[in-house]
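> Show me how the following folds:
(one chain, ligands or ions: 1)
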Amino acid sequence: MRRLFPDPAELDDDALVAAYRCPPGRWLRMDFIASHDGAITVDGVSEGLGSPGDRRVFRTLRALADVVLVGHGTAAAEGYHPVLPGSAVGRLRESLGRTPSMPVAVVSRRASLDPAGALVADAVSPTILVTCGASDPDRRAALTAAGVDVLVCGDDDVDLPAALDALADRGLEQVTSEGGPQLLRTALTAGAVDELDLSLSPTLIGGETRLLDGALAGPVRLCLRQVLEEDGMLFTRYTVGGSNLP
Ligand SMILES: NC(=O)c1ccc[n+]([C@@H]2O[C@H](COP(=O)([O-])OP(=O)(O)OC[C@H]3O[C@@H](n4cnc5c(N)ncnc54)[C@H](OP(=O)(O)O)[C@@H]3O)[C@@H](O)[C@H]2O)c1
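Below is the predicted model:
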């Protein structure tokens, strides 16, 4: 892995961690991989775009975060599991002096999370559901009974800033979000995003799911902070909306 911008340099694993550290306090970064034409899936999942370097960056972002935030559509499509001690992320977290497990927070207006699914049943750090008052109270009760930490944020729809407040109240300030497109659009619309980490796969796909599931009210300006490269994959790091890196 090498840094192209700023300060060109070869990066070992420690330097990769240093390259992705966040400022202290509350921070939301969104992590995506896309083809150069903006597709984010091949046959419905992101795996076909990835590379060993992208998987290292993905693990690094998880290791540095307090919580993973993900839309239910992505958690379901990608078969999400909890982050467990002994996993590659868990070991990296331990090497950084962090707890080896971390919670995954699933955003779902309809409280669609499966109480019997692996993401709930196998979790060491209890899985969090971020939902709203309009979701089915029986579903919420079943998820609470299964050990899920249910956060009701908003009435008719999920209020993302309120959800980030609720996570911060639990000490989960540094959030890495792994999408998907609906969650990215709503988080940008709410002005909640501090950082976008976009891996650009050297591929053209066409016709697949895009980075955003619909138009934004206006352009969101990004400020380029870093570009890494490995095997033709570009790992870009942008701040959003005036957020600053140290
Ligand atoms: N390449 C990449 O980096 C990458 C990253 C992420 C996802 N993906 C791909 O994207 C696809 C998933 O797309 P998607 O549009 O379904 O993604 P999504 O945004 O993860 O999921 C949409 C669903 O999540 C819930 N949700 C998301 N944002 C919400 C909000 N602000 N408020 C309330 N609920 C919210 C809703 O669930 P309910 O219907 O349960 O209410 C909604 O139907 C998959 O194919 C996945 O592989 C790729």
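> any idea how far residue 57 is from residue 25?
22 Å (Cβ to Cβ, to the nearest Å). Where you see a C-beta, it was placed from the backbone N, CA and C, and this is true even at glycine.
> Contact partners for the residue most central in space within the chain?
Centroid-nearest residue in the chain, with Cα atoms, centre = their mean: residue 177, separated by 1.8 Å. The contact partners of residue 177, by Cβ atoms under 8 Å, 6 or more residues apart in numbering, come to 28-31, 68-70, 183-184, 187.
> And it, its phi and psi?
Phi and psi for residue 177, reported as degrees, to the nearest 10, are phi -110, psi 130.
> Can you list the neighbours in contact with stretch 12-21?
Contacts to stretch 12-21, defined as Cβ under 8 Å, 6+ apart, come from residues 1, 3, 9, 11, 56-57, 60-61, 63-64, 96, 197, 226, 228, 237, 246.
> Just the buried ones from the residues you listed?
Neighbour-count burial (16 or more other Cβ atoms under 10 Å) applied to those gives 1, 3, 11, 56-57, 60-61, 63-64, 197, 226, 228, 237.
> So which of these are in strands?
Residues of these located in strands (DSSP state E): 3, 197, 226, 228, 237.
> which pair in the contacts of stretch 12-21 spans the largest distance?
Greatest spatial distance among those (Cβ to Cβ): 56 and 246, at 22.2 Å.
> Looking at this protein, which helix is longest?
helix 52-64 (DSSP state H).
> And that one, what does it pack against?
If contacts are counted by 3 or more Cβ pairs under 8 Å, 6 or more residues apart in numbering; DSSP states H and E, helix 52-64 sits against helix 13-19, strand 27-35, helix 88-95, strand 174-177, strand 195-201, strand 222-230, strand 233-240.
> Adding mean pLDDT and distance to the ligand, write the ones you listed out as TSV.
Conversion of the helices and strands packed on helix 52-64 to TSV gives the following (pLDDT from 0 to 100; distance: least, Cβ to the nearest ligand atom, whole Å):
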stretch	mean pLDDT	distance to the ligand
helix 13-19	97	18
strand 27-35	98	4
helix 88-95	98	16
strand 174-177	98	9
strand 195-201	98	8
strand 222-230	97	16
strand 233-240	98	12
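> Please indicate which of those has the most neighbours on average?
Sort those by mean neighbour count, taking mean count of other Cβ atoms under 10 Å, and strand 174-177 sits at the top with a mean of 26.
> how far is it from where the chain is centred?
Distance of strand 174-177 from its chain centroid, counting by Cα atoms, centre = their mean, to the nearest Å, is 6 Å.
> Provide the strand pairings for it, with the direction of each partner.
Strand 174-177 has its sheet partners listed here by DSSP bridges as strand 27-35 (parallel), strand 67-71 (parallel).
> got TSV for those strands, with distance to residue 192 too?
Output for these, formatted as TSV (distance: least, Cβ to Cβ, whole Å):
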stretch	distance to residue 192
strand 27-35	6
strand 67-71	10
